[in-house]
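Asker: would you be able to build a 3D model of this:
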Amino acid sequence: MAVFVRNDALDTNPPEGDQYLTVNGSDWLFTVAAVYAISFVTLYGLTHVARSGERFFHYLFLIATFTGAVSYFASGSDLGWSLVAQADNVADYGATRQIFFTKYINWVVAFPTTIIALGVLSGVAWATVAFHVALSWAWVISYLVGAYVTTNYKWGFFAAGTLAYLLLAIGTLTEGRRAAIRVGSARDYTLLAGAANLLWLLYPIAYGLSDGGNRLGLTSAFVWFGVLDVLLVPGLAFAFVVLSRGWDYNKLNIAFTQYGRVTTAAFPEKQQPSVAAGGVAETTV
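Answerer: Alright, predicted model coming up:
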């Protein structure tokens, strides 16, 4: 006989406002948290079967899946929110809305993780990767500030964040692809960067209808964002891990050995012990 556990999170942490988290919304958020947690455990297991020195993408997405699991658990528990007065569509959707800053914290980690993975795969300069990461932070922070603004000035922050996203999209789809061609990863890079940018394109739309324009209920908004987040982080994580088995880590300049990062196919630990230790090679008679 199946046993169903009642979700009493909203009894312990009651919601407030006209647009608030419902029990169905809380159930959905806990489901997404479980997807993130399972993805984290699976990725952690895969690190133990990955080839030596080829766990860069495993470790990178472990951070993002762990953060996502914690973030969605907090949101499902009706924690990490503020009650904010709304400037738009008050008559139809209410004058106040729960704004969950937990999802923005998740994006501050999730977006840069994807950007770093794409940057490493393409072989662009680390300065370019840092610039793209900074753009993603400007994007998320602008949206977060806009969500807390109680007047129509919030759309100025929406415009600023969307501009940062557009610059990020241009960089990853043009400069990133040109660099990927040089290192021989253009096919996989185009696939992964295209998928990431398609998902990113839907975030401004979802934000404009939810925390921005107050036209979408809280539960409906969380369903939209939850699907996007799962496809962006766990989805791309497993795509990167699977495809990375065919990549040349030396060309990508991310080959690691017990002696640190190397850039050639000659791994120090594969040399004779006396040479690898930095000594003079012995003559074999």
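Asker: from here on, just use CA atoms for contacts and neighbour counts.
Answerer: Fine.
Asker: quick one: the helices in the protein?
Answerer: Taking DSSP state H, the helices of the chain run over residues 9-12, 23-47, 56-76, 90-93, 102-122, 126-148, 154-170, 176-183, 186-207, 218-230, 236-243, 273-276.
Asker: which other helices and strands contact the third one?
Answerer: Pointing back at helix 56-76 there. helix 23-47, helix 102-122, helix 236-243 (3 or more CA pairs under 8 Å, 6 or more residues apart in numbering; DSSP states H and E).
Asker: pretty sure Tyr104 contacts Val140?
Answerer: Yes. Using CA atoms under 8 Å, Tyr104 is in contact with Val140, at 6.5 Å.
Asker: can you list phi and psi of Asp94 for me?
Answerer: Slight slip there: residue 94 is Gly, not Asp. Gly94 adopts backbone torsions of phi 100, psi 160, taken as degrees, to the nearest 10.
Asker: which of the helices of the chain has the lowest mean pLDDT?
Answerer: Within those, confidence is poorest for helix 273-276, with a mean of 45 (mean pLDDT).
Asker: about what we covered before: now the helices of the chain as a markdown table including mean neighbour count?
Answerer: Below are the helices of the chain laid out as a markdown table (neighbours: other CA atoms under 10 Å):
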| stretch | mean neighbour count |
| --- | --- |
| helix 9-12 | 13 |
| helix 23-47 | 19 |
| helix 56-76 | 22 |
| helix 90-93 | 12 |
| helix 102-122 | 22 |
| helix 126-148 | 20 |
| helix 154-170 | 19 |
| helix 176-183 | 20 |
| helix 186-207 | 17 |
| helix 218-230 | 18 |
| helix 236-243 | 17 |
| helix 273-276 | 13 |
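Asker: could those helices be laid out in a markdown table, adding distance to Tyr249?
Answerer: As requested, those are exported to a markdown table (distance: least, CA to CA, whole Å):
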| stretch | distance to Tyr249 |
| --- | --- |
| helix 9-12 | 46 |
| helix 23-47 | 16 |
| helix 56-76 | 10 |
| helix 90-93 | 52 |
| helix 102-122 | 9 |
| helix 126-148 | 16 |
| helix 154-170 | 25 |
| helix 176-183 | 10 |
| helix 186-207 | 14 |
| helix 218-230 | 27 |
| helix 236-243 | 12 |
| helix 273-276 | 21 |
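Asker: which one of the helices and strands packed on helix 56-76 lies nearest to Asn253?
Answerer: Among the helices and strands packed on helix 56-76, helix 102-122 comes nearest to Asn253, with 8.3 Å by CA to CA.
Asker: how much does that closest one deviate in direction from helix 186-207?
Answerer: Angle, helix 102-122 to helix 186-207, by axes from the mean of the first three to the mean of the last three CA atoms, to 10 degrees: 160 degrees.
Asker: show me what helix 102-122 is packed up against.
Answerer: Judged by 3+ CA pairs under 8 Å, 6+ apart, helix 102-122 is in contact with helix 56-76, helix 126-148, helix 176-183, helix 186-207.
Asker: so which of those helices comes closest to Leu168?
Answerer: helix 126-148 (5.8 Å).
Asker: can you redo the helices and strands packed on helix 56-76 as CSV with distance to Leu198?
Answerer: Shown next, in CSV, are those (distance: least, CA to CA, whole Å):
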stretch, distance to Leu198
helix 23-47, 20
helix 102-122, 13
helix 236-243, 12
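Asker: which stretch among these comes nearest Asp92?
Answerer: Closest among these, using CA to CA: helix 23-47, at 20.0 Å.
Asker: can you give me the angle the closest one makes with helix 236-243?
Answerer: Using the same axes, to 10 degrees: helix 23-47 against helix 236-243 is 20 degrees.
Asker: run the chain-centre distance for helix 23-47.
Answerer: 14 Å (CA atoms, centre = their mean, to the nearest Å).
Asker: what does it rub up against?
Answerer: If you take CA atoms under 8 Å, 6 or more residues apart in numbering as the criterion, helix 23-47 is touched by 7, 9-10, 55, 58-59, 61-62, 65-66, 68-73, 75-78, 218-220, 222-223, 226, 230, 234, 238.
Asker: surely Gly17 and Thr96 touch.
Answerer: Yes. In this structure, Gly17 is within contact of Thr96 by CA under 8 Å, at 5.2 Å.
Asker: thanks a lot, catch you later.
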